[in-house]
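Q: The following block contains a protein sequence and its predicted model.
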Amino acid sequence: MAGAVSALFLLDIKGRVLVWRDYRGDVSALQAERFFTKLLDKEGDAEVHSPVVYDDAGVTYMFIQHNNVFLLTAARQNCNAASILLFLHRVVDVFKHYFEELEEESLRDNFVVVYELLDEMMDFGYPQYTEAKILSEFIKTDAYRMEVSQRPPMAVTNAVSWRSEGIRYKKNEVFLDVVESVNILVNSNGQIVRSDVVGALKMRTYLSGMPECKLGLNDRVLLEAQGRATKGKAIDLDDIKFHQCVRLARFENDRTISFIPPDGSFDLMTYRLSTQVKPLIWVEAQIEKHSRSRIELMVKARSQFKERSTATNVEIEVPVPSDATNPNIRTSMGSAAYAPERDAMVWKVKSFPGGKEYMCRAEFSLPSITAEEGAPEKKAPIRVKFEIPYFTVSGIQVRYLKIIEKSGYQALPWVRYITMAGEYELRLI
Amino acid sequence: MSGHDSKYFSTTKKGEIPELKEELNSQYKDKRKDAVKKVIAAMTVGKDVSSLFTDVVNCMQTENLELKKLVYLYLINYAKSQPDLAILAVNTFVKDSQDPNPLIRALAVRTMGCIRVDKITEYLCDPLQRCLKDDDPYVRKTAAICVAKLYDINAELVEDRGFLEALKDLISDNNPMVVANAVAALAEIQDSSVRPIFEITSHTLSKLLTALNECTEWGQVFILDSLSRYKAADAREAENIVERVTPRLQHANCAVVLSAVKIILLQMELITSTDVVRNLCKKMAPPLVTLLSAEPEIQYVALRNINLIVQKRPTILAHEIKVFFCKYNDPIYVKMEKLEIMIKLASDRNIDQVLLEFKEYATEVDVDFVRKAVRAIGRCAIKLERAAERCISVLLELIKIKVNYVVQEAIIVIKDIFRRYPNTYESIIATLCESLDTLDEPEAKASMIWIIGEYAERIDNADELLESFLETFPEEPALVQLQLLTATVKLFLKKPTEGPQQMIQAVLNNATVETDNPDLRDRAYIYWRLLSTDPEAAKDVVLAEKPVISDDSNQLDSSLLDELLANISTLSSVYHKPPESFVSRVKAAPRADDEEFADTAETGYSESPSQGVDGASPSSSVGTSSNVPVKQPATASPPAPAAMPDLLGDLMGMDNAIVPVDEPATPSGPPLPVLLPSTTGQGLQISAQLTRRDGQIYYDISFENGTQGVLDGFMIQFNKNSFGLAAGEALQVPPLQPGASTRTLLLMVPFQNISPGAPTSLLQVAVKNNQQPVWYFNDKIPLHVFFGEDGKMERAGFLEGWKSLPDDHEFTKEFPSSVISSIDATVERLAASNVFFIAKRKNANLDVLYLSAKMPRGIPFLIEITAAVGVPGVKCAVKTPNKEMVPVFFEAMEALTK
């Protein structure tokens, strides 16, 4: 059941090894490089291939891509695939924390630290430690500051592995952003096929010491358990996922969200709501294709939320044939332009108040000759982006955030709410 | 915080190595550090800088942590190519492992474990012992993993030095991270050992569950994965475990969630209360759904696992099919997996919506995805009888779009639908026939031809349609030819008119005289004969009713499914294959350096024998035999035990030949070695010997009553031994009259109560009866009683096995008193003990035999025996992944070759 990877490779976009760390001495870099470049050649595009590949010589390769870098592990054992792939994503996060961006150049520029980090994050092929903030306390990029910390921070092995002791702030503050993304899929007949809301409580903490925090939400289960008359709206959250700082056993017991937060920004929790929501922005498009001459689009967008809210940065992307030319576009609000690189017309409305309807008409020319029996056109959906500040679909509310630290300081939480479009797709006929 | 290390990659064109050498020996610290960085940069881009070994190691003694790490990194890479020089580093390692700074202590012990050089390994033991008991948890957690490293290099050493016990102690450590790493190390060691090393008791269980709450996310995964091998005693304990694990479903780390799901599913098997089970299913659904919001790579792993979970417990996600609908931007590998799950979750209730989705996908651009979507519609039709008609109408709509590959795929699935629902949907055949000319893929063609043949009586122009295919008969692929042949025969039987008659002549001629394909020819001849002798019989055969096909979307059989579920989240669950099908325990690949720096082979690192049986003797290389004295344990050469009769090998062979296999309980044959002489046994004499018959191990035992009275109530007991041999049944001995004797076969079962430590052949036996005191005597376990009947290897397998095992797994031993008088007799005798002959060759006056044997649990022995016929002295070499068995193995071989 146990399983560890044999080596971790950082490869360039063509699959050549930039840096690699051999953990178990039973795979060769040459073999891995040969295998992976062949895979890339064959597929042309790594996206096509599943991230877990077996090479017939008893080695399993797992990889992810970030910018122009592939992160690849080779394993000879039955290792935990979910854990390893997630670990690779965390490695990306750590590198990003260190070098701002992870790309071929930054790896070359910092190869010494890269080796150090690879040594610390994984041992004998087992993931060990990936808290970037704590790692940077004892592994520094700047060689001249090396003398500063000569011990592993307590946090590395502590039960509280995400926060170091002795943090000091003059002003103790917490910022809490409640961000909800609406995912929706509407069929070509106007029927909502799928809709859900994924919410996240994003925290930025600037707190001294080891603060003990307790968060209260208008969670129906909790409120009912406490027998409280629900004044406002109580909500049902389908599935809640917590940052590792939250005491899960405690939550399981009495639904209390208690934790010692990491320093800086992190996602305290994410949740999902699968109750069907009315699409906040409804888009209808009529497309008339006069083959071999022109195509006419008429797009209607309607905001279906209360008038006191306003959606900002609305962007509606309507696909058009890839061979369309000569756009002629008019809008009743905002501006629209042809974006040939996306094979789409993009209509932007800066501010879109609730209960309004706007229109956009466009006409494109089509070439008079077409391929005899070409492959079917890629049928992209209409895609919509927007943000609605001070509003959540779920109605989630932060009732309180108590912060208790033994030095007894006062810290005020700042809470903001925002809803935005996630995967918001409306299929065309 | 960006660095500027890239400057170290720039090279001066000539004399790079000497220049670096000079800089490494510079008196200035900074210059030395820069030089080491340049060396590491060169190493990174794959240049061979191993010649700088001494110079780099000289920089090791430094206060500068960064520099130290770089030197250590260099050592990990090159120590193996410079084993003799690597010893230079040992002192610093040992010193560093006692440094006041825990970072350095841990670094030293972590790095030493990565240097896979035997000589260094020995020096690792003392520092490791210290570090396992270090005050700092950071050092302990590193040391815990280091035990696994050491075990991988030298398992014997780990056991001898008591590291396993130390590791087990760490499970009770007060630091959760140490516990987690100890668990990971123990689990790995357990995987490579046949003996039970890491067994989770209810006591360790509670420790692990406690640590689970506090360790890092990765540690939680180790602990959960190791818990998956724990079998709860009863439903109550199972419920308890589940209760402790369930909160993990709320963890943000998907791997933690999946591993928790694994534990819950496993324990659910034991839980009897349907309410609890239903409740757990309800609890697991939302976290599983949320996994689909993770990164696409994780989604892929999750989907492969969900595929298994819905096969076992379809109810969990029965209402969640919508979350598996494909998003436009999903990577294709995610879409494919989602489709598979949609088919599994499709039901009469949701089929309309699912069909709409499939139809949508069937008009996308990715050809493979489109094909799969079309096939999915067909599979749903076969699975859901009531929805079949709707599925077919969607397929017909798709055919009308006239996209070539959609049409072909649709025809393939419609053929299956016809098989599933015969005589129901033939009305659509006309529509299908319209697309006849566009078919160019063999499978689609074959399907269409099958449909024409099967329904020839309803298609007016069936003969014309088939005829159009016949023109190109010789060029068609085999699949189409076979189908054409059968379809024409069907047509002829259904419409025995002139046209079909001519066609059948032409086809049979084509398929017999003109073809090289034996399948086609044979089938054609069978039809031909059938038709010419008895057309009615031909009808019965060719037009017989076909068995109805069924849905294959739940294809995994339940035992495999259970095994895969126990491996949730691992590669096994991604591949849908049991771990042993893709994991090789042995290390097969050569070290990277060996390959990359093959041109510097003067370093003396030649790989294990490449020729094997036909070429040079696998054990003849000087390099390998020099290993032997070091590895050979002191116990390996005891004098042959007196109790072992010289005839042993022969006896075994004869026993096998004489004793009827179905009556193992009535033993006969040659006398057994006396283990308890009557002088010691106050008149009772016991002779016994372990033997193998019909794949079972028996204790062949005889009692001789030399006392004055009747002896009865015989019982027997075996002490704990290295192979866990124990009686598999009660000893059946009738009351023994004075002067009488009896002999019986007692079934033995291995691997029951295994005594720890290196295996020995000692078997301690106690026998009692109602009249006398308890008698104790010692016997020997001949290892070959464990050798399986399936131990015969093919030459290729042997060669492959020999090559894949590292050299330090090879051992040789001389049996000075053994003589081989005839090769054939020896081979026969060995075969009787399941040591199988593979090949032999002559080497001057010596004969070299290659043989194989196999222990239970798949431990192979690859054997090479060298001897001169008639001359005393036999040399035996063996390679096996399980080194600790070697001494016992030689004991058995010596007995067998006597």
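A: Cool, got the structure.
Q: quick one: whatever residue of the stretch 751-898 of chain B ends up closest to chain A from residue B:862, how far?
A: Proximity of the stretch 751-898 of chain B to chain A (CB to the nearest CB) peaks at residue B:804, 9.2 Å away. Bear in mind the C-beta positions are built from the backbone N, C-alpha and C, glycine included. Distance of residue B:804 to residue B:862, computed by CB to CB, to the nearest Å: 10 Å.
Q: Compare the two (neighbour count), which wins?
A: Between residue B:804 and residue B:862, residue B:862 has the larger neighbour count (other CB atoms under 10 Å in any protein chain shown), namely 25 against 18.
Q: residues contacting the more buried one?
A: B:793, B:798, B:801-802, B:805, B:850, B:852, B:878-880 (CB atoms under 8 Å, 6 or more residues apart in numbering or on different chains).
Q: so who does residue B:424 touch?
A: Here residue B:424 is in contact with residue B:388 (CB under 8 Å, 6+ apart).
Q: Roughly how far does it sit from residue A:189?
A: As judged by CB to CB, residue B:424 and residue A:189 stand 29 Å apart.
Q: List the beta-bridge partners for the residue of the stretch 101-250 of chain A found nearest chain B.
A: Of all residues in the stretch 101-250 of chain A, the one sitting closest to chain B is residue A:239 (3.3 Å; CB to the nearest CB). Applying DSSP bridges to residue A:239 gives these bridge partners: residue A:272.
Q: my guess is it contacts residue A:199, does it?
A: No - contact criterion CB atoms under 8 Å: residue A:239 and residue A:199 do not qualify, at 10.7 Å.
Q: intersection of neighbour lists for those two?
A: A:271-272.
Q: With just CA atoms, put the helix or strand of chain A with the lowest mean pLDDT into CSV.
A: Using mean pLDDT, DSSP states H and E, the weakest-scoring helix or strand in chain A turns out to be helix A:220-225, at a mean of 81. Only the C-alpha atoms of helix A:220-225 are listed here, as CSV (Å, rounded to 0.1, in the frame of the first residue of the first chain):
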residue,chain,number,x,y,z
ARG,A,220,-28.5,26.2,9.5
VAL,A,221,-27.2,23.1,11.1
LEU,A,222,-25.3,25.0,13.7
LEU,A,223,-28.1,27.5,14.4
GLU,A,224,-30.7,24.8,14.7
ALA,A,225,-28.4,22.7,17.0
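Q: Please state the offset of that helix from the chain centre?
A: Relative to its chain's centre, helix A:220-225 lies at 30 Å (CA atoms, centre = their mean, to the nearest Å).
Q: Quick check: residues of the stretch 51-200 of chain B near chain A?
A: Within the stretch 51-200 of chain B, the positions adjacent to chain A are B:64-66, B:69-70, B:73, B:76-77, B:80, B:101-103, B:106, B:110, B:113-114, B:116, B:136-138, B:141-142, B:145-146, B:148-149, B:152, B:175-178, B:181, B:184, B:187-188, B:190-191 by CB under 8 Å from any CB of the partner chain.
Q: could you redo the last one with a cut-off of 7 Å?
A: Residues of the stretch 51-200 of chain B found near chain A (CB under 7 Å from any CB of the partner chain) are B:64-66, B:69-70, B:73, B:101-103, B:110, B:116, B:137-138, B:141-142, B:145, B:148-149, B:175-177, B:184, B:187-188, B:191.
Q: Restricted to helices, list those.
A: Using DSSP state H, the members of these that fall in helices are B:65-66, B:69-70, B:73, B:102-103, B:110, B:137-138, B:141-142, B:145, B:148-149, B:176-177, B:184, B:187-188, B:191.
Q: Pairing partners for the host helix or strand of residue A:53, with directions?
A: Assigned by DSSP states H and E, residue A:53 belongs to strand A:52-54. According to DSSP bridges, strand A:52-54 has the following sheet partners: strand A:60-66 (antiparallel).
Q: pLDDT of the partner strand, averaged?
A: For strand A:60-66, mean pLDDT is 94.
Q: following that strand, which helix or strand comes up?
A: Counting by DSSP H and E, the next helix or strand C-terminal to strand A:60-66 is strand A:69-75.
Q: what's the following helix or strand after that next one?
A: The helix or strand immediately downstream of strand A:69-75 is helix A:81-99, counting by DSSP H and E.
Q: Okay, buried residues for that following helix please.
A: Buried residues in helix A:81-99, counted by 16 or more other CB atoms under 10 Å in any protein chain shown: A:81-92, A:94-99.
Q: just stretch A:299-313 next, same as before
A: By neighbour count on 16+ other CB under 10 Å, the buried set for stretch A:299-313 is A:299, A:301-303, A:305, A:309-311.
Q: same deal with stretch B:27-37?
A: Neighbour-count burial for stretch B:27-37, counted by 16+ other CB under 10 Å, picks out B:32-37.
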